[in-house]
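1. Sequence plus the predicted model coming up.
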Amino acid sequence: MAVAGSAVGLGNFLRFPVQAAKGGGGAFMIPYFTALLLVGIPLMWIEWSIGRYGGGFEHSSAPGVFNSLWQKNRFIKYFGVIGIFGPLVIMIYYTYIESWTLAYSFFSLTQKYSGILDQASMQSFLRGFQGLEKNQYFTSIAPAYIFFIITFVINMAVLNYGIRGGIERFCRIAVPTLFIFGIILLARVFSLGAVDPGKPDWNIVNGLGYLWNPDFSQLLNAKVWLAATGQIFFTLSVGIGVILTYASYLKKGDDVALSGLTAVSVNEIAEVILGASIIIPAAFVFFGPAAIGDIAASGAFNLGFVTMPLAISRMPFSEIFGFLWFALLFLAGVTSSVSLAQPAIAFLEDEFNISRKKSVMMFGAVTFVLCNAAIFFLGKGVVDELDFWGGTFCLVLFAAIEVILFGWIFGINKAWEEVHHGADMRLPRIYKYIIKYVTPIFLLVVLGAWFFQEWLPIIRMDNVSEANRPYVMATRAGLCLIFLALSILVKIAWGKKRKIRKEKI
Amino acid sequence: MTKLGWMFMLFSWTAIMALAVFCFTKVFKKKNVD
């Protein structure tokens, strides 16, 4: 349930519908399912298997797990640092965005935005809340900061009780609640019909058509394939290091093949059935086909925090449906953010023998300080920078390392045996070849294509405004320092272990 | 919505639901055995 909670997140309800609508509607599902079958599901099985394998050596984070897989190599543990660094960087901005959903669910109940009737004013409401401008709605960032602190404390409280007592127990309540909220909203959206009698074409069926009518010309566009692959990573939480940590707590006889596939199925229901059927069709019914293209192009967060409140405010009982929508996002966010914290906490617990409570406190103190960069420099490109390095680049890089390590270094025959250990079902034999050849080639092509096309403009900050460059530079320097600090911690932990081993001898 | 749109949507939903039913049937069977 904890892994299902980790996989079900904001990406299902905000990111997927926008990606699908922009990427050719129904045709987007072809690259999407291809990436799911060739990259998503194999990576799920790989992460579950290597996590359980590493857990057998009492390691629950990527440096230790990688070291157990390739014990002869002294440097492989440093590659595992990416598996702590990536989720930590995502956590820095994800918690803040998650706190907006809590704030908006409160604003829905108190009808704070109920009088706003146009996109520009709702955008202004959001910018005021984020502290990007002072306006009639907000005069300071204080409300956003208070909701951030509440969200942060909730996260730390759940983490404090550990995986079984905290995260698992929370997900047992949160995931079914989230699905119930999703089904209620889905039923409401599907019963909207056409809200304006003068515009009968602005109806729910055509709203679904906007999302599902295939545009096959998009299939030749490489960017759509990359977007579909990126969505699979983002939505399944693979390539982050989180699943690997959860799987390390399994027993040797637990069925990782079935667990991995079950987590995929839960995530896909949340994404393709619920996520796709709420936000775009609702926006279509209220704003029509001409506006919806611009709305979708304006990004997932605009759609979630600007368009959706406007659409909901036109429904009867808007305060209740608004609350349900943002509470759904909040629950989805918390189930994911607590999982993002787990690799770093597990690293402190396992490699330094620090108690759970102390590890959570240390992690909380460091992350709280770092989150302030995302809060106070949101308008300076800091969050975009964190999202690129933590939420995009590290994911693909870490996944490529994992799959090569498992299929080639550990050896595909041993790997195949490891996946099937304790499993009731036999995986299709073709996956042995997919894990060994197709998934690594797919990932290396994506990395290679990025390297040749994008690295120079990104390094030169071509797409960053002159005013934001110092902030982006500072963010990069900060990220390098975090990575360096984590690498030093790995070195110290292994140095300590070596010393203990020598003393025993 | 076009016919193809309906087909894409229904195919995707059916495939995902079938996967979920397959997985949860096995999960519950396993739980009952344990």
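-> Good, I have the coordinates.
2. Low-confidence stretches in the chain?
-> With no chain named, the answer covers chain A. Applying pLDDT under 70 to chain A flags the ranges A:2, A:5-6, A:298-300.
3. if you could check chain B rather than the one you did, that'd help
-> For chain B (pLDDT under 70), the answer is B:33-34.
4. measure the residue nearest the centre of it to A:Asp424 for me?
-> Ranked by distance to the mean C-alpha position of chain B (C-alpha atoms, centre = their mean), the top residue is B:Met17 at 1.7 Å. Computed as C-beta to C-beta, to the nearest Å, the B:Met17 to A:Asp424 distance reads 21 Å. For every residue, glycine as well, the C-beta is placed using N, CA and C.
5. coming back round to it: ok, the residue nearest to the centre of chain B - contacts?
-> Taking C-beta atoms under 8 Å, 6 or more residues apart in numbering or on different chains, we find B:Met17 in contact with A:269, A:273.
6. If we use 10 Å, what do you get?
-> B:Met17 is in contact with A:265, A:268-269, A:272-273, counting by C-beta atoms under 10 Å, 6 or more residues apart in numbering or on different chains.
7. Do you have the strands of chain B handy? List them.
-> For chain B, applying DSSP state E gives no strands.
8. near chain A, which residues of it show up?
-> B:1-13, B:15-24, B:26-27, B:29-30, B:33 (C-beta under 10 Å from any C-beta of the partner chain).
9. I'd like to know which of these are buried.
-> B:1, B:4-6, B:8-9, B:12-13, B:16, B:19-20, B:23, B:26-27 (16 or more other C-beta atoms under 10 Å in any protein chain shown).
10. hang on, the earlier thing: check the contacts of B:Met17 against chain B, which are close?
-> Answer for those near chain B (C-beta under 10 Å from any C-beta): A:265, A:268-269, A:272-273.
11. Counting only helices, which of the residues you listed make the cut?
-> Members of the ones next to chain B among the contacts of B:Met17 lying in helices (criterion: DSSP state H): A:265, A:268.
12. looking at the ones next to chain B among the contacts of B:Met17, which has the most residues close by?
-> Neighbour tally across the ones next to chain B among the contacts of B:Met17 (other C-beta atoms under 10 Å in any protein chain shown): the maximum, 28 neighbours, falls on A:Glu268.
13. ok, it - contacts?
-> Contacts of A:Glu268 (C-beta under 10 Å, 6+ apart): A:7-8, A:12, A:16, A:32-33, A:36, A:40, A:235-236, A:275, B:12-13, B:15-17, B:19-20.
14. ok, it to A:Ala296 distance?
-> Counting by C-beta to C-beta - A:Glu268 and A:Ala296 are separated by 21 Å.
15. which residues touch residue 12?
-> With no chain named, the answer covers chain A. A:178, A:182, A:231, A:234-235, A:267-276, A:328-329, A:332, A:336.
16. look at chain B instead
-> Residues in contact with B:Ser12, defined by C-beta under 10 Å, 6+ apart, are A:26, A:29, A:32-33, A:212, A:268, A:272-273, A:276.
17. Name the nearest of the residues you listed relative to A:Val464.
-> A:Tyr32 (30.1 Å; C-beta to C-beta).
18. so does stretch A:313-333 get close to chain B?
-> No - residues of stretch A:313-333 are not located near chain B by C-beta under 10 Å from any C-beta, the shortest gap being 17.6 Å.
19. ok, and for that stretch, which residues are buried?
-> For stretch A:313-333, burial by neighbour count (16+ other C-beta under 10 Å) applies to A:313, A:315, A:318-319, A:321-333.
20. cool, and stretch A:409-423?
-> A:410, A:415-416, A:418-423.
21. cool, and stretch A:104-118?
-> Quick answer for stretch A:104-118 (16+ other C-beta under 10 Å): A:104-108, A:112-113, A:116.
22. In helices, which of the residues you listed fall?
-> The helices, defined by DSSP H, take in A:104-108 from the buried residues of stretch A:104-118.
23. Show me the helices in chain B, by range?
-> Under DSSP H, chain B gives helices at B:3-33.
24. returning to what we had before: and which of the buried residues of stretch A:409-423 is nearest to A:Lys497?
-> Comparing the buried residues of stretch A:409-423 against A:Lys497 with C-beta to C-beta places A:Phe410 closest, at 21.5 Å.
25. Enumerate the residues of the stretch 151-300 of chain A near chain B.
-> A:203-214, A:216, A:255, A:257-273, A:276-277.
26. Out of the residues you listed, which end up buried?
-> A:203-204, A:206-214, A:255, A:257-273, A:276-277.
27. A:Leu489 should be in a helix, yeah?
-> Yes - applying DSSP: H, G, I helix; E, B strand; the rest coil, one finds A:Leu489 inside a helix.
28. Quick one: the buried residues of stretch A:104-118 as a markdown table, columns for distance to chain B too.
-> Formatted as a markdown table, the buried residues of stretch A:104-118 follow (distance: C-beta to the nearest C-beta, whole Å):
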| residue | distance to chain B |
| --- | --- |
| A:Tyr104 | 29 |
| A:Ser105 | 28 |
| A:Phe106 | 33 |
| A:Phe107 | 33 |
| A:Ser108 | 29 |
| A:Lys112 | 36 |
| A:Tyr113 | 31 |
| A:Ile116 | 31 |
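29. how about these in a markdown table, adding distance to A:Lys199?
-> Below are these laid out as a markdown table (distance: C-beta to C-beta, whole Å):
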| residue | distance to A:Lys199 |
| --- | --- |
| A:Tyr104 | 28 |
| A:Ser105 | 30 |
| A:Phe106 | 33 |
| A:Phe107 | 29 |
| A:Ser108 | 26 |
| A:Lys112 | 29 |
| A:Tyr113 | 24 |
| A:Ile116 | 22 |
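30. Closest one of the residues you listed to A:Glu351?
-> For these, the nearest to A:Glu351 is A:Ser105 (38.2 Å; C-beta to C-beta).
31. So A:Val242 is in contact with A:Ser60, correct?
-> No - the pair A:Val242 / A:Ser60 is not scored as a contact, 11.1 Å apart, by C-beta atoms under 10 Å.
32. Neighbour count for those two, which is higher?
-> Taking other C-beta under 10 Å, A:Val242 and A:Ser60 do not tie; A:Val242 has more neighbours (28 against 25).
33. mind listing what that one touches?
-> A:2-3, A:6-7, A:47, A:51, A:62, A:83, A:86-87, A:90, A:336, A:338-343.
34. go with 8 Å
-> Contacts of A:Val242 by C-beta under 8 Å, 6+ apart are A:6, A:87, A:339-340, A:342-343.
35. Please report how far it lies from chain B.
-> The spacing between A:Val242 and chain B, counted by C-beta to the nearest C-beta, to the nearest Å, is 20 Å.
36. which residue packs closest to that residue, ignoring adjacent ones?
-> Nearest non-adjacent residue to A:Val242, counting by C-beta to C-beta, 6 or more residues apart in numbering or on different chains: A:Ser339, 4.6 Å away.
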